[in-house]
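**Student:** The sequence and its predicted three-dimensional model are supplied below.
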Amino acid sequence: MHMKTIKLIAITGFIVLSTLMLQGTALAESGSITIIKPTNGETLKSGSNNVLEYNVKLSPTGNHLHIYIDDQSPIIVRKVTMCPCSMDLPTLSPGKHTIAVKEATVNHALTGLESSVSFTVK
């Protein structure tokens, strides 16, 4: 091989490795939200003590959570450092429902990090 070819291969390898390392750093710094209960498609008993359980790792811009039950105003949750976290759900009417857990900044702007689940109450 020519010396120019070897240098080109070395430079290309360095660029690829650097890109992968940066992507890994970005993934490590990004947050996550996982709803544990209820599960998607689950049927809950009406009038029961139903609970929302979730895990959260806030992203660098995240400050707290907004939890939406159907299209109601959000429930603001600030204590998210000791997850898995849980909260009692209000009494829900029979039918289909959706819960969305969304990350928000200190100014309540949504960051785009979110998780949702749909379920039925009978």
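**Tutor:** All right, it came through fine.

**Student:** after the helix or strand bottoming out on mean pLDDT in the chain comes which helix or strand?
**Tutor:** Within the chain, no helix or strand scores below helix 3-29, which has a mean of 46 by mean pLDDT, DSSP states H and E. On the C-terminal side of helix 3-29, the closest following helix or strand by DSSP states H and E is strand 32-37.

**Student:** buried stuff in that following strand?
**Tutor:** Across strand 32-37, burial judged by 16 or more other Cβ atoms under 10 Å covers 33, 35, 37. In this view, the C-beta of every residue, glycine as well, is placed from N, C-alpha and C.

**Student:** what's the answer for stretch 44-61, then?
**Tutor:** For stretch 44-61, by 16+ other Cβ under 10 Å, it's 44, 50, 52, 54, 56, 58-59.

**Student:** same thing with stretch 69-76?
**Tutor:** Those would be 69, 74-75, for stretch 69-76 by 16+ other Cβ under 10 Å.

**Student:** Give the bridge partners for the spatially most central residue of the chain, please.
**Tutor:** What sits nearest the mean C-alpha location of the chain, by Cα atoms, centre = their mean, is Ile33, with 2.3 Å. Per DSSP bridges, the residues bridged to Ile33 are Val56.

**Student:** That one contacts Ser116, correct?
**Tutor:** No. Using Cβ atoms under 8 Å, Ile33 makes no contact with Ser116, being 9.3 Å away.

**Student:** Mutual contacts of the two, please.
**Tutor:** Listed as contacting both Ile33 and Ser116 by Cβ atoms under 8 Å, 6 or more residues apart in numbering are Val101.

**Student:** Now for Ile99: which residues touch it?
**Tutor:** So Ile99 contacts 35, 38, 52, 67-69, 89, 116-117, 119 (Cβ under 8 Å, 6+ apart).

**Student:** Quick one: those residues as CSV, columns for secondary structure too.
**Tutor:** Below are the contacts of Ile99 laid out as CSV (DSSP: H, G, I helix; E, B strand; the rest coil):
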residue, secondary structure
Ile35, strand
Pro38, coil
Leu52, strand
Ile67, strand
Tyr68, strand
Ile69, strand
Leu89, coil
Ser116, strand
Val117, strand
Phe119, strand
